[in-house]
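> Provided below are the primary sequence and the corresponding predicted coordinates.
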Amino acid sequence: SEDIKKINCPVFALNGSLDMQVLSRDNMPVIRENLPENPLNQIKEYDSLNHLFQHCTVQNSLNYAAIEETISAEVLNDISHWINSVK
């Protein structure tokens with residue numbers, strides 16, 4: 001949290017709600033509480049996405065290779081829009 005307080009550039013923090021490696025319920029509140037205010041910051045949790053931002057269920061959230069989707073189109077779209085907003 002001390003390092004997050006020192007960030008002075010725009011941040012897009014994203015997490016999948018079914019990420020079993022970086023738990024959103026633990027990760028996102030710390031970022032929200034400590035990230036300095038910046039109108040370009042975006043913090044977003046994606047429902048039913050795993051660590052690789054693939055749509056999944058709890059039962060297959062860690063079975064990356066069995067999921068056909070490489071990465072959610074919504075996430076790619078949001079990343080693209082965010083990058084273009086900070087130019």
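Nice, I can see it.
> Run the chain-centre distance for stretch 40-56.
Offset of stretch 40-56 from its chain centre (Cα atoms, centre = their mean, to the nearest Å): 4 Å.
> Buried residues in that stretch, which are they?
Neighbour counts using 16 or more other Cβ atoms under 10 Å place 41, 42, 46, 49, 50, 51, 52, 53, 54, 55, 56 of stretch 40-56 among the buried residues. (C-beta placed from N, C-alpha, C; glycine too.)
> Show me where this protein has its helices.
With helices called from DSSP state H, the chain shows them at 2-5, 24-34, 73-85.
> List of residues touching the second one?
The reference is to helix 24-34. Residues outside helix 24-34 that contact it (Cβ atoms under 8 Å, 6 or more residues apart in numbering) are 1, 2, 4, 5, 11, 13, 15, 16, 17, 43, 45.
> Tell me how many other residues surround the closest residue to the second one other than its chain neighbours.
This means residue 2. Take residue 2 and drop its neighbours on the chain: the residue closest to it by Cβ to Cβ, 6 or more residues apart in numbering is residue 34, 8.0 Å away. Per other Cβ atoms under 10 Å, the neighbour tally for residue 34 reads 14.
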